[in-house]
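> Everything below, folded, please.
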Amino acid sequence: MAFLHVPPTWRLSENAVTAESVFLNRRRFLKTMIGGGLAMATLPLAGCQTAQAPIAEELTGTKALRAIANPAFQDAGRPVTGEVLAATYNNFYEFGSSKNIWQAAQVLPTDPWTLEVTGLVNNPKTYNLDDLLTRFPLEERIYRFRCVEAWAMVVPWLGFPMNALLRDVDPKSSAKFVRFTSYFDPAVTKGPSFPPARFLPFPYTEGLRIEEMANDLAFFAVGIYGHTLPKQHGAPIRMVIPWKYGFKGAKSLVKIEFLDTQPATYWNTLSPNEYKFEANVEPDVPHPRWSQAKERLIGPGNQYSWEEVPTLLYNGYGEFVADLYA
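Alright, predicted model coming up:
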C-alpha cells in the first residue's frame, strides 16, 4: 500500500534550516557553563550523582545537527526544560529503575548501529547510523512530554516524521500494526536490580496502529537540544509520540516490524491493567494507583519546580490526533 502524503501547510523548505553555527554556539555555551561549575550545581538534581568525570559529552551528545525549525512546533505553551535537568532525569529500564541512570547508560554501544525495517513492507530496509542522520530531512520540534507517572517536560527534539519512513518502506495493505524493538544485550543492558532482567519481557518493545504511525505528529528523534541524542535519551534513534504517555517512546531502536496483528509490548505485558496498549494521555482516565488529572512540571530551566498543572487531553495535541479515536 503506497502512502501518498500531501504535505501540511507547516512543512518547510530548506531555506528555513537553522544555521549550524547557532547549534554549535549553544553547545559550546553549555560546555563552558559545565566547566565553570554548572555540573556541581546540578548534582542534587540527580540524587546521589558523584563528580567523577566531566559530564559535558554525556549531556550534549557528540555531534551538532542541522535541522529545520518547524514553526508549528516551536511553542509548547510552557518553558523548555533545561538541558542538564532533562539529561539527568530519565527512565531507561534497560539500565535500571531509578531516574539517575544517565551514567549507567553510557555503556550503550551506538557506533556502528543498524535499524532493520521488515515484515509486511514492499521495500524492507536496513539503515545504518549515517542513514539515520542524513537520509531524511531533519526538523526541530518542541514537544510536551508526559510520563505516566504524572510528571512532564518540554523537550526540543531533532528528527523526522515517522511517515517519511513509511513512504520509504511502502507498507503492504495487510499491515495493520507496527512493532518497535529496542537494543538489548544482557551483558550491557542489565535491567533493574530487582527483579532480575531474565524475569522481565526484554527486549523492550512498543507498538502502534499503522494509522498512528502515519500521523504527522509521530516522530523519530535522532537529536535533542541541537545535537545527537545522548545515550540516556535513547541514542541513536528513539520514538517520540507526544500525545501518548512517555513509555510508548521506545529508545535505541534496532528493529521495526510491520504486522497484521497487535503486538505484545513491554509494559502492557507486565501489567495490562495499568499500562494499556493505546496509552493516550487522558486526564479523566486514572491510573489504577493515582490520578492523571494533574501533572508536575520538571523545570523550568535546570531547577525543579514541581508546579502542578491540569493534564491536557492527548497532552494538548487533540487537533492532530483526535480523529484517530473518534
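
> Every contact and neighbour count from this point should use C-alpha atoms.
Fine.

> Please give me every residue in contact with V188.
V107, L108 (Cα atoms under 8 Å, 6 or more residues apart in numbering).

> Next SSE downstream of the strand ranked longest in the chain?
Using DSSP state E, we find that the single longest strand of the chain is strand 151-161. Downstream of strand 151-161, the first helix or strand assigned by DSSP states H and E is helix 162-169.

> Which strands and helices lie in contact with the next helix or strand after that next one?
Once the chain leaves helix 162-169, the next helix or strand it forms, by DSSP H and E, is strand 177-182. If you count contacts as 3 or more Cα pairs under 8 Å, 6 or more residues apart in numbering; DSSP states H and E, strand 177-182 packs onto strand 205-209, helix 210-214, strand 253-259.

> Could you list the paired strands of strand 177-182 along with their orientation?
strand 205-209 (antiparallel), strand 253-259 (antiparallel) (DSSP bridges).

> Poorly predicted segments of the stretch 201-326 of the chain, please.
Filtered on pLDDT under 70, the stretch 201-326 of the chain yields no residues whatsoever.

> Would you map the strands across it?
Applying DSSP state E, counting those that start in this stretch to the stretch 201-326 of the chain gives strands spanning 205-209, 219-224, 227-228, 238-240, 253-259, 294-297, 308-310.

> what's the neighbour count on the closest residue to G159 other than its chain neighbours?
In space, G159 comes closest to A221 once its chain neighbours are excluded; the distance is 4.2 Å by Cα to Cα, 6 or more residues apart in numbering. Each residue near A221 was counted by other Cα atoms under 10 Å, and the total is 31.

> Now do the contacts for A221.
W157, L158, G159, F160, L229, I237, R238, M239, V240.

> again, only this time at 6 Å
W157, L158, G159, I237, R238 (Cα atoms under 6 Å, 6 or more residues apart in numbering).

> what about it, distance to A293?
28 Å (Cα to Cα, to the nearest Å).

> related to what we said a few turns ago, K172: which of the strands paired with strand 177-182 is closest?
Closest to K172 of the strands paired with strand 177-182, according to Cα to Cα: strand 253-259, at 8.6 Å.
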